[in-house]
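S.K.: Turn this into a model:
(one chain, ligands or ions: 1)
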Amino acid sequence: MKKRMTGAFLAVFCLAMLFCGCSGKEAFIEYPGQGQTRPENESNRIQNYTYSPVEDGVYPYNAISGPEQLKYDNGVLYFFNGNPSPHEKSGATLMAFDLARGTILPVCPDPLCSHDNPSCPFYGFDTSYYAVNGSIYYRRGYHYLVYNAEGILVDTIDHADLVRYDRSKEALTVYEDYDGEWTYTAYSSQLYFDNWQYYYDYVYDPDTEKHYFHICKRDVDSGRVAVLGGDLNEDAVYERFLFAYGSRIYATDGKQFFSVDSDWNDRRVLFEGDFSGKILFDGSEVFFERMISDRKILEKTRLDDGEVTNLGVECSRWVLTDHYIYYLSADPFFSGGLELTGGEVYRCDHNGDHVEKVCTLNDDGSDKYLGSMCVVDNYIYCFFYEYKDGEQISYRDRLLRIDATTGVKMYYNIK
Ligand SMILES: [Zn+2]
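M.R.: Numbers count the residues shown, from 1 in each chain. Sure, this is the predicted structure:
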């Protein structure tokens, strides 16, 4: 299991955080460090926990952004505690917040596991991951030195692989053992559809002796991979899959919006326009952002005629659910000479109407702003940051839940 660690591999661990920037009534719950406790039972439930499902979800076949810290799948909110490191035995691991039960526990099922050595399925966990139908898909990588009793270096352990962890079976499947090196970093978006995992890969062509970016698909059960078409390039993937609908996959090259069949053939252009930003589908309409004079504006279009409607919403970041568009205000605020956005959270309906202010982040006088944001039912889950004395403080040990109907905030301590 000796491998060379590449800069590209390390870069995966240095993914840029997404910043955006809450308050109102505030409550604080001390969750007393029971995160490492299994089995799940009454004693490790969050005290005074309440949850009211309203069945406001997201269309399941949008492409998933791997680096987003918070992921929702089948009643569970996933996130990692701390920052997994390929070099340190950090013990950081993937956590599961069961929203109905009110428990926060490691996904690793071993109650005695310290999550800091290779016997843990989540050791060396890459912070870019995908949670789909009760399985977690992720890369692992670690590098450490082994010394004997005399303090002499006897071995160097380097390992990197691509795996699936099935939670119901508690089973780890290794799809690929990288017997060389990770050669590319554009591993940021995947589409899961009809038992297939669509992803971008850097594939070696023996004829030209070069690597090319390809769109690939993997059968998640058998692990079998098919290399598909797409706009082949040595430097980057220009084509981007967005979502699956019916039996077709919808994608863009930034200028055209088109659909292809499940093997990336039979390309049909639907319409043209600027499709370089975030794009999400709600099962009937396509929502996208467009930069107009440095302002991010939300628009939508139907699949059949491509007629574009401006929603009249300006924002810095946004999330789509069945019933709402949640977005962070584009209005800047200033902290230590830095201009930050996302100080206020709003929501509106899919036509851009019935705008409600959900909360203000900084009404406590701080300079807090939101990191990754995930909306389930009427709750916004997020991590937050703060600028203090010119320094960014990361509160990765506290998960914030905002009740969108009342503005009440709850902080859950993550141990
Ligand atoms: Zn573990």
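S.K.: list the helices and strands the helix or strand containing Arg317 packs on?
M.R.: Under the criterion of DSSP states H and E, Arg317 resides in strand 308-320. Packing partners of strand 308-320 (3 or more CB pairs under 8 Å, 6 or more residues apart in numbering; DSSP states H and E): strand 285-292, strand 295-302, strand 325-329, strand 344-348, strand 368-376. For every residue, glycine as well, the C-beta is placed using N, CA and C.
S.K.: quick one, the last one and strand 308-320 angle?
M.R.: In other words, strand 368-376. Here the directions of strand 368-376 and strand 308-320 differ by 100 degrees (axes from the mean of the first three to the mean of the last three CA atoms, to 10 degrees).
S.K.: Show residues contacting the helix or strand just after strand 368-376.
M.R.: For strand 368-376, the following helix or strand on the C-terminal side (DSSP H and E) is strand 379-388. Outside strand 379-388, the residues that touch it by CB atoms under 8 Å, 6 or more residues apart in numbering are 17, 19, 22, 51, 69-70, 77, 79, 97, 326, 335-336, 338, 340, 345, 358, 361, 366-375, 392-396, 398-404.
S.K.: In PyMOL, select just the buried ones from those.
M.R.: To isolate in PyMOL the members of the contacts of strand 379-388 that are buried, counting by 16 or more other CB atoms under 10 Å, one can use:
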select buried, resi 19+22+51+69+70+77+79+97+326+335+340+345+358+361+367+368+369+370+371+372+373+374+375+396+399+400+401+402+403+404
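S.K.: so where's the stretch 151-300 of the chain uncertain?
M.R.: Where the stretch 151-300 of the chain drops to pLDDT under 70, the residues are 179-187, 230-231.
S.K.: Do you have the strands of it handy? List them.
M.R.: For the stretch 151-300 of the chain, the strands defined by DSSP state E, counting those that start in this stretch cover 153-166, 171-177, 189-193, 196-205, 210-219, 225-227, 240-245, 248-252, 256-260, 268-272, 279-281, 285-292, 295-302.
S.K.: Just checking: what are the partner strands of the longest one?
M.R.: Right, strand 153-166. According to DSSP bridges, strand 153-166 forms sheet pairs with strand 135-147 (antiparallel), strand 171-177 (antiparallel).
S.K.: chain center to the longest one: distance?
M.R.: To tie it back to what came earlier, the one meant is strand 135-147. 19 Å (CA atoms, centre = their mean, to the nearest Å).
S.K.: Over to stretch 89-96?
M.R.: 16 Å.
S.K.: Endpoints of that stretch, how far apart?
M.R.: 21 Å (CA to CA, to the nearest Å).
S.K.: Is there any residue in the helix or strand containing Ala131 that contacts the ion?
M.R.: Per DSSP H and E: Ala131 is located in strand 125-132. No. Remark: strand 125-132 sits outside contact range of the ion, by CB under 5 Å from the ion, the gap being at least 9.7 Å.
S.K.: Contacts made by that strand with the rest, please.
M.R.: 12-13, 15, 64, 66-67, 69, 71-73, 76, 78, 80, 83-84, 92-94, 136-141, 187-188, 190, 192, 197.
S.K.: quick one on the thing from earlier: which one, of the helices and strands packed on strand 308-320, ends up nearest to the ion?
M.R.: strand 368-376 (22.7 Å; CB to the ion).
S.K.: what's around Lys217, how many residues?
M.R.: 23 (other CB atoms under 10 Å).
S.K.: Mind listing the residues bridging to it?
M.R.: Assigned bridge partners for Lys217, using DSSP bridges, are Tyr198, Ala226.
S.K.: rewinding a little: so the strand holding Arg317 versus strand 268-272, what angle?
M.R.: 100 degrees.
S.K.: Okay, now the sheet partners of strand 308-320, with direction.
M.R.: Sheet partners by DSSP bridges: for strand 308-320, these are strand 295-302 (antiparallel), strand 325-329 (antiparallel).
S.K.: Now do the last one: distance to the chain's middle.
M.R.: The gap between where strand 325-329 is centred and where its chain is centred comes out at 17 Å by CA atoms, centre = their mean.
S.K.: Give the other helices and strands that the helix or strand following it contacts.
M.R.: Under the assignment DSSP H and E, the closest C-terminal helix or strand after strand 325-329 is strand 333-335. Judged by 3+ CB pairs under 8 Å, 6+ apart, strand 333-335 is in contact with strand 338-340.
S.K.: The strand it packs on packs against which elements?
M.R.: Using 3+ CB pairs under 8 Å, 6+ apart: strand 338-340 touches strand 333-335.
S.K.: What ranges in the stretch 301-415 of the chain fall below the confidence cut-off?
M.R.: 415.
S.K.: run the last query once more with 80
M.R.: Low-confidence segments of the stretch 301-415 of the chain (pLDDT under 80): 332-343, 361-367, 371, 387-392, 394-396, 415.
S.K.: Can I have the buried ones of the contacts of strand 125-132 as a ChimeraX selection?
M.R.: With 16+ other CB under 10 Å as the burial test, the buried ones among the contacts of strand 125-132 are selected in ChimeraX as follows:
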select :12,13,15,64,66,67,69,71,72,73,76,78,80,84,92,93,94,136,137,138,139,140,141,187,188,190,192,197
